[in-house]
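K.L.:
Whatever this is, show me its structure:
(2 chains)
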2 protein chains.
Amino acid sequence: MSNQEFVVLGQDGPDGCCPGLLTAPLAEEQAVELAKVFKALGDPVRLRLLSMIASRAGGEVCVCDLTPAFDLSQPTISHHLKLLKQAGLIASERRGTWVYYRLLPEMTDRLAGILTRPAGQPLPEPAEAPS
Amino acid sequence: MSNQEFVVLGQDGPDGCCPGLLTAPLAEEQAVELAKVFKALGDPVRLRLLSMIASRAGGEVCVCDLTPAFDLSQPTISHHLKLLKQAGLIASERRGTWVYYRLLPEMTDRLAGILTRPAGQPLPEPAEAPS
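P.N.:
A predicted model of the protein is given here:
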């Protein structure tokens, strides 16, 4: 699945951004798509890979610089990177021998927006707090 | 695991908030803890439950109002709610016959912060863009 084919989440709001997980019940189809992205983030190796890619000065990282940080085989690292890519979180480009990865900040921006409470929304209080 | 025991993520920054997934490579231990929360979000039923709880006027929902929205058994719904609770995303309170659930917005706020780019950080550009 290319990045272009990935279903873009969170564009249903009045301003074209972030209908929000916290503002209205998610539609089933939207929940299925969104869960795939969170599932991709639900693994420590993938989170570390994503943070290494996202925080790299210059914006991209050679796979040859990622693998040595883990006690895992190259195919295992490549599999984790593939899942991050399928989730729309990173993009890759082969140049010569190596593949280079970079963050797709549109997706992390979108997740951040989805998880952000609408401005002015107070912390919910229980309807009947125990006295 | 009670909510009190849950390891609080993202409090290492200079302002006490959000060291960020995008600003520096995650430590292994931090990645393990954070992955548990994202894994809890990586399921469509749990995302729908969370959105139903978070968006409810009054701030809490009886489990008896959640179950009818799904073609799933009460024990299955309860299991999903338990995983959201263990991840620190919701809290529950039993009152009489029913259990009531409410969002713990501190955790969603924290995830939003972790996924937010530092102010002024440009979109990364590949070091060598193809011509």
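K.L.:
And the helices in chain A, which stretches?
P.N.:
Counting by DSSP state H, chain A has helices at residues A:28-41, A:44-54, A:63-66, A:74-86, A:105-114.
K.L.:
Now do the contacts for the residue nearest to A:Leu41 when sequence neighbours are not counted.
P.N.:
Closest residue to A:Leu41 apart from its sequence neighbours, by Cβ to Cβ, 6 or more residues apart in numbering or on different chains: B:Phe38 at 3.8 Å. (Each C-beta comes from the backbone N, C-alpha and C, glycine too.) Residues counted as contacts of B:Phe38 (Cβ atoms under 8 Å, 6 or more residues apart in numbering or on different chains) are A:38-39, A:41-42, A:47, B:111.
K.L.:
now with 10 Å?
P.N.:
A:37-44, A:46-47, A:111, B:21, B:87, B:111, B:114-115 (Cβ atoms under 10 Å, 6 or more residues apart in numbering or on different chains).
K.L.:
same thing with A:Trp98?
P.N.:
Neighbouring residues of A:Trp98 by Cβ under 10 Å, 6+ apart: A:61-65.
K.L.:
so it bridges to which residues?
P.N.:
A:Arg95 (DSSP bridges).
K.L.:
about what we covered before: can you tell me how far the residue nearest to A:Leu41 sits from B:Cys64?
P.N.:
29 Å (Cβ to Cβ, to the nearest Å).
K.L.:
ok so, going back, nearest to B:Pro25, out of the helices of chain A?
P.N.:
With Cβ to Cβ, the closest approach to B:Pro25 among those belongs to helix A:44-54: 4.7 Å.
K.L.:
Kindly calculate the angle that the closest one makes with helix A:105-114.
P.N.:
Interaxial angle of helix A:44-54 relative to helix A:105-114 (axes from the mean of the first three to the mean of the last three Cα atoms, to 10 degrees): 120 degrees.
K.L.:
which parts of helix A:44-54 are buried?
P.N.:
For helix A:44-54, burial by neighbour count (16 or more other Cβ atoms under 10 Å in any protein chain shown) applies to A:44-54.
K.L.:
same for it, what does it pack against?
P.N.:
Packing partners of helix A:44-54 (3 or more Cβ pairs under 10 Å, 6 or more residues apart in numbering or on different chains; DSSP states H and E): helix A:28-41, strand A:60-62, helix A:63-66, helix A:74-86, strand A:90-95, strand A:98-103, helix A:105-114, helix B:28-41.
K.L.:
Mind putting these into TSV with distance to B:Ala69?
P.N.:
As requested, the helices and strands packed on helix A:44-54 are exported to TSV (distance: least, Cβ to Cβ, whole Å):
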stretch	distance to B:Ala69
helix A:28-41	10
strand A:60-62	42
helix A:63-66	42
helix A:74-86	29
strand A:90-95	34
strand A:98-103	35
helix A:105-114	20
helix B:28-41	18
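K.L.:
coming back round to it: of the contacts of A:Trp98, which fall within the contact range of chain B?
P.N.:
Subset of the contacts of A:Trp98 in contact with chain B: A:Cys62, counting by Cβ under 10 Å from any Cβ of the partner chain.
K.L.:
Kindly indicate the member of the contacts of A:Trp98 with the most neighbours.
P.N.:
A:Val61 (22 neighbours; other Cβ atoms under 10 Å in any protein chain shown).
K.L.:
Enumerate every residue touching it.
P.N.:
Taking Cβ under 10 Å, 6+ apart, one finds A:49, A:52-55, A:90, A:98-103 in contact with A:Val61.
K.L.:
one more time with 8 Å
P.N.:
Residues near A:Val61 by Cβ under 8 Å, 6+ apart: A:52-53, A:100-102.
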